[in-house]
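K.L.:
sequence isn't available, so here's the structure alone:
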């Protein structure tokens, strides 16, 4: 007998019903967490007894958290919701956006752990976040490739996403040189 898959709870079904719900909530949580990390850093500068050392320079931690810890959640949440509508394409499957969400959030949690422990843990978190980006971008590309209509608007958006990936890779490689 084959095992039946577990039935997700009602809360999970509501939470995962649309990609923007999952990713916007994670983005808001990230915004608050980044503020908390920066508050701890600034409090440590003002009152050295409260200082909590980071595994990388605070400036690099701040840029990493701002670029990769906040904005992708809002960008992908928005695009996963509207990109298929713009091109009269099928919605992005729940499995795809839930996987991107899980990879991004798990990577982000590891990155926080790495900020306060070891740069290697931060690097592992960054790799999981990169895997989340790959899942997200592959999902968006699948929509583009299978769309019935494609206009200049979508081409420009794809160019902007490619530039965002290039900047992200450039920033990540710059930080890797600093971390290692």
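P.N.:
Now that the structure is in, tell me what you want to look at. Note that this is a predicted model, so its numbers are computed, not measured.

K.L.:
ranking helices and strands of this protein by mean pLDDT, which lands last?
P.N.:
Across the helices and strands of the chain, mean pLDDT, DSSP states H and E gives its lowest value to helix 152-179, namely a mean of 70.

K.L.:
return the set of buried residues in the host helix or strand of residue 30.
P.N.:
Assigned by DSSP states H and E, residue 30 belongs to helix 19-46. Within helix 19-46, the residues that count as buried by 16 or more other Cβ atoms under 10 Å are 19-24, 26-27, 30-31, 33-34, 37, 41, 44. Yep, even glycine has a C-beta here, placed from its N, CA and C like the rest.

K.L.:
again with stretch 82-94
P.N.:
83, 84, 86, 87, 89, 92.

K.L.:
quick check: the farthest pair among these?
P.N.:
Greatest spatial distance among those (Cβ to Cβ): 86 and 92, at 12.5 Å.

K.L.:
got the angle for the helix or strand following the helix holding residue 30 vs helix 19-46?
P.N.:
Per DSSP H and E, helix 19-46 leads on to helix 58-69 as the next helix or strand towards the C-terminus. With axes from the mean of the first three to the mean of the last three Cα atoms, to 10 degrees applied, the angle from helix 58-69 to helix 19-46 works out at 170 degrees.

K.L.:
the next helix or strand after helix 58-69 versus helix 19-46: what angle between them?
P.N.:
Per DSSP H and E, helix 58-69 leads on to helix 71-86 as the next helix or strand towards the C-terminus. Counting by the same axes, to 10 degrees, helix 71-86 lies at 160 degrees to helix 19-46.

K.L.:
so how far is residue 78 from residue 28?
P.N.:
Applying Cβ to Cβ, to the nearest Å, the value for residue 28 to residue 78 is 14 Å.

K.L.:
identify the residues contacting the closest residue to residue 31 other than its chain neighbours.
P.N.:
Using Cβ to Cβ, 6 or more residues apart in numbering and skipping the chain neighbours, the partner closest in space to residue 31 is residue 70 (5.5 Å). Applying Cβ atoms under 8 Å, 6 or more residues apart in numbering, we find residue 70 in contact with 27, 30, 31, 34.
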